[in-house]
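# my questions are about this predicted structure, shown below with the sequence.
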Amino acid sequence: MGPITTTLWIGTAIMVLGLLAFLALMVKAPAANRSFFSATSLVALIAATSYFAMATGHGSVLIGGRVFFFARYIDWVFTTPLLLLDLALLAVPSITARAGTVATLIGADVYMIITGLIAGSINDPTKYIWFASSTIAFVVVLYILLVQLFGDARNRGGSVGRLFGNLSLLTLILWVCYPIVWLLGVEGFRVLPLTAEVVIFALLDVVAKIGFGFILLTSSVISGR
Amino acid sequence: MGPITTTLWIGTAIMVLGLLAFLALMVKAPAANRSFFSATSLVALIAATSYFAMATGHGSVLIGGRVFFFARYIDWVFTTPLLLLDLALLAVPSITARAGTVATLIGADVYMIITGLIAGSINDPTKYIWFASSTIAFVVVLYILLVQLFGDARNRGGSVGRLFGNLSLLTLILWVCYPIVWLLGVEGFRVLPLTAEVVIFALLDVVAKIGFGFILLTSSVISGR
Amino acid sequence: MGPITTTLWIGTAIMVLGLLAFLALMVKAPAANRSFFSATSLVALIAATSYFAMATGHGSVLIGGRVFFFARYIDWVFTTPLLLLDLALLAVPSITARAGTVATLIGADVYMIITGLIAGSINDPTKYIWFASSTIAFVVVLYILLVQLFGDARNRGGSVGRLFGNLSLLTLILWVCYPIVWLLGVEGFRVLPLTAEVVIFALLDVVAKIGFGFILLTSSVISGR
Ligand SMILES: CC1=C(/C=C/C(C)=C/C=C/C(C)=C/C=O)C(C)(C)CCC1
Ligand SMILES: CC1=C(/C=C/C(C)=C/C=C/C(C)=C/C=O)C(C)(C)CCC1
Ligand SMILES: CC1=C(/C=C/C(C)=C/C=C/C(C)=C/C=O)C(C)(C)CCC1
């Protein structure tokens, strides 16, 4: 078993442990905050499934001699909207009051992942136009998050505003790494070998999903303690 | 035309007849209950489409020498949430009041079908891990249905509680057969030949969709008579 | 670069310009009407993406020697619901008050596009049964639009009723052309050569998306001026 497979199995294990931890935390949580626990547990479940698929060889294909892990994109197309939903639920008391903003946020995010999937799956220079389209959508996501929703979160007062500030900063730092790693990795300029890319993506995924989840779900705002 | 194709054509015909019957029942129904008729008609329409695709050879592929009817999973991924929605609409006066529960119910159900599709489409022993993941999600679906929603339905009083009790019992009995038939059939241990599997799935589909629909839509609670 | 590729690049350019124009109009719009601008901009964005994919050769496959532009259907499955949503938002003050009608409208529309995709991707005579199923769903879409939602729009009084009347008439005329062109084109009876089909679809797409968008977003009802 090479280092790539080992990494993918470790990723699977961490996602499963994260899922179990989130479910355990849910039991003691106030009923009104259940949605945060369900959404974050679903993120861990989907990631565990995707890592398992990649570890067993069912999450990748060969495209022009290069290994392409399509399972990541199936993971991301569901989990990134769920993570954004966590942040939106935190920022605004009722999601329906900001239905337009949240719909635009999720729409831009899904567009980002789908165009990223196309960029990753083709091998001619047009891939960088797909990459650029995906990145524009990413900027829209960050704008809505850091400007519009941050404003809403601050209006909800001290501890919610602070928690949102921390989580959106963490999100900003981690999420920005994804297109960079992609560009340096085998989908882009091939500066990073595949093994390094798989390891870095695994670290990012663990912090962006499980680390993020722990900060959110153990915060006094959400855990009610 | 072999017995499999004949079965699939009969399935198509029954689903079309069921669809027409549900639409006819809708005309006389109280406007407030229209959603039950739309959702259940859509179930019959999707099933008719899927059976037609399978009968004409466009709903299956060969995987390692075995016939795999992928069209079933496209059918199920839409129809099982719609059937669960029927039950949820019956149990709770306003779906938004139980948005979290209903989202978890539908999420677990979709996860069950997608992991079932992966289990069915691969040929190495990891398929049983996919089967197990799908089954865990199935248990979550049954738990939400038989414990949480059943509780809500009972609180809505006599006739609604009784109707929900009957329909959820029928759902329990029929739905449990699906993984068993799958496991005994060509996707699993190959105890059942393909013809038997196709016939049993057709019988289950007809009762779980058209039979279920008739009980629901002709009940006095829903038909208003 | 042949006439087909040229047409597809022109289509891409017009969709991008339309997108930029819609975004510019959004800036000055009343906040309450933002949803119309977001939805219509998303239509232009998706179309630009789809035309770009087709122009660069990533939006089509060869099926039995015939070029099949599958990217159209991915475009349509997202953009036709968004265009219908624009019309529904115009006709009814609150979409949730007509949730059942809107769900049936969108459901029938998605069914129309998916069965149309199947019709277009197969090469035996059963394709005409898929075409017929798609057309029945199309009739349901038109019925809900021209009868049910038109009634609601008229009840909202003079200028809304007139705008809805104009837009739904435009929609009726343009949308009816799609199945006709399809039937005369290479997917159907091959009366039209591929070049003619691509040009006509491009014209229809530009008017149904960008023309429609301009009429809607510059109307006094929506622009607030
Ligand atoms: C902009 C951009 C990308 C962005 C990806 C992001 C932002 C992924 C985030 C994933 C997370 C947070 C996963 C799990 O927790 C791609 C698709 C790599 C490549 C194309 C350009
Ligand atoms: C648990 C499990 C399954 C369950 C399927 C079910 C429960 C299907 C229900 C279908 C219905 C009710 C259709 C239509 O009316 C599979 C996917 C067979 C295989 C993997 C394990
Ligand atoms: C009925 C029917 C069709 C209808 C398509 C329509 C109505 C498309 C509308 C597209 C628009 C309006 C796009 C963008 O603005 C198909 C799929 C061609 C073929 C099968 C039968």
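Happy to help now that I have it. Ligands and ions are numbered 1, 2, ... in the order given.

# only C-alpha atoms for contact and neighbour calcs from this point on.
Noted.

# list the buried residues in the lowest-mean-pLDDT helix or strand in chain A.
The least trusted helix or strand in chain A, going by mean pLDDT, DSSP states H and E, turns out to be helix A:150-155, with a mean of 91. In terms of neighbour count (16 or more other Cα atoms under 10 Å in any protein chain shown), helix A:150-155 has its buried residues at A:150, A:152-154.

# now swap in stretch A:61-69 and tell me
Residues of stretch A:61-69 classed as buried under the neighbour-count rule (16+ other Cα under 10 Å) are A:68-69.

# wondering if that stretch reaches chain C at all.
No. Applying Cα under 8 Å from any Cα of the partner chain, one finds stretch A:61-69 out of contact with chain C, separated by at least 14.2 Å.

# name the helices or strands packed onto the helix or strand hosting residue A:163?
Using DSSP states H and E, residue A:163 sits within helix A:158-184. Judged by 3 or more Cα pairs under 8 Å, 6 or more residues apart in numbering or on different chains; DSSP states H and E, helix A:158-184 is in contact with helix A:71-91, helix A:150-155, helix A:194-205, helix A:212-218.

# tell me the contacts of the residue of chain A found nearest chain B?
Nearest residue of chain A to chain B: residue A:35, at 5.9 Å (Cα to the nearest Cα). Residue A:35 is in contact with residue B:100, counting by Cα atoms under 8 Å, 6 or more residues apart in numbering or on different chains.

# and it, what's its pLDDT?
Looking at residue A:35, its pLDDT stands at 89.

# from residue C:120, how far off is it?
Residue A:35 sits 41 Å away from residue C:120, taking Cα to Cα, to the nearest Å as the criterion.

# now residue A:15
Relative to residue C:120, and taking Cα to Cα, residue A:15 is found at 41 Å.

# so does stretch A:94-107 get close to chain C?
Yes. Using Cα under 8 Å from any Cα, stretch A:94-107 comes into contact with chain C via A:100, A:104.

# got the buried residues for that stretch?
Within stretch A:94-107, the residues scored as buried using 16+ other Cα under 10 Å are A:95, A:100-107.

# again with stretch A:185-196
Applying a neighbour-count criterion of 16+ other Cα under 10 Å, one finds A:185-188, A:192, A:194 buried in stretch A:185-196.

# now do stretch A:134-143
Using 16+ other Cα under 10 Å as the test for burial, stretch A:134-143 gives A:134-135, A:137-138, A:140-142.

# ok, now stretch A:200-213?
Neighbour-count burial for stretch A:200-213, counted by 16+ other Cα under 10 Å, picks out A:200-202, A:204-210, A:212-213.

# how about those residues in CSV, adding distance to residue A:46 and pLDDT?
What follows is the buried residues of stretch A:200-213, written out as CSV (distance: Cα to Cα, whole Å; pLDDT from 0 to 100):
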residue, distance to residue A:46, pLDDT
A:200, 19, 98
A:201, 16, 98
A:202, 14, 98
A:204, 15, 98
A:205, 12, 98
A:206, 12, 98
A:207, 15, 98
A:208, 14, 98
A:209, 11, 98
A:210, 12, 98
A:212, 15, 98
A:213, 14, 98
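
# could you dump those to TSV with distance to ligand 1?
As requested, the buried residues of stretch A:200-213 are exported to TSV (distance: Cα to the nearest ligand atom, whole Å):
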residue	distance to ligand 1
A:200	12
A:201	9
A:202	9
A:204	7
A:205	5
A:206	7
A:207	8
A:208	5
A:209	5
A:210	8
A:212	9
A:213	10
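
# neighbours of residue A:180, just the number please.
Number of residues near residue A:180 (other Cα atoms under 10 Å in any protein chain shown) recorded here: 11.

# what do you get for residue A:28?
Neighbourhood size, residue A:28 [other Cα under 10 Å]: 12.

# who's in contact with it?
So residue A:28 contacts residue A:223 (Cα under 8 Å, 6+ apart).

# do the same with residue A:102
Counting by Cα under 8 Å, 6+ apart, residue A:102 has contacts A:85, A:88, A:95.

# how about residue A:133?
By Cα under 8 Å, 6+ apart, residue A:133 lies in contact with A:112, A:115.

# buried ones in stretch A:212-221, by neighbour count?
Residues of stretch A:212-221 classed as buried: A:212-214, A:216-217 (neighbour count, 16+ other Cα under 10 Å).

# outside of it, which residues touch it?
So stretch A:212-221 is contacted by A:22, A:25, A:36-37, A:40, A:159-160, A:163, A:167, A:170, A:222-223, A:225 (Cα under 8 Å, 6+ apart).

# likewise stretch A:194-208?
Residues outside stretch A:194-208 that contact it (Cα under 8 Å, 6+ apart): A:3-4, A:7-8, A:11, A:14-15, A:170-171, A:174-175, A:177-178, A:181-182, A:185-186.

# so who does the residue nearest the centre of chain A touch?
By Cα atoms, centre = their mean, chain A has its centre lying nearest to residue A:80, at 4.1 Å. Applying Cα under 8 Å, 6+ apart, we find residue A:80 in contact with residue A:109.

# ok, residue A:15 and residue C:120, which is more surrounded?
Neighbours per residue (other Cα under 10 Å) separate residue A:15 from residue C:120, with residue A:15 holding more: 27 against 23.

# for chain A, which residue gets nearest to ligand 2?
Ligand 2 sits closest to residue A:49 of chain A, with a gap of 14.5 Å, by Cα to the nearest ligand atom.

# skip ahead from the strand or helix carrying that residue and say which helix or strand is next.
Here residue A:49, judged by DSSP H and E, is contained in helix A:34-55. Next helix or strand after helix A:34-55 toward the C-terminus (DSSP H and E): strand A:61-63.

# do that following strand and chain B meet?
No. If you take Cα under 8 Å from any Cα as the test, strand A:61-63 misses chain B, and the best it gets is 14.3 Å.

# and the closest residue to the residue of chain A closest to ligand 2 other than its chain neighbours, what is it in contact with?
In this structure, residue A:49 finds its nearest non-sequential neighbour in residue A:12, 7.4 Å apart by Cα to Cα, 6 or more residues apart in numbering or on different chains. The neighbours of residue A:12, taking Cα under 8 Å, 6+ apart as the test, are A:47-49, A:51-52.
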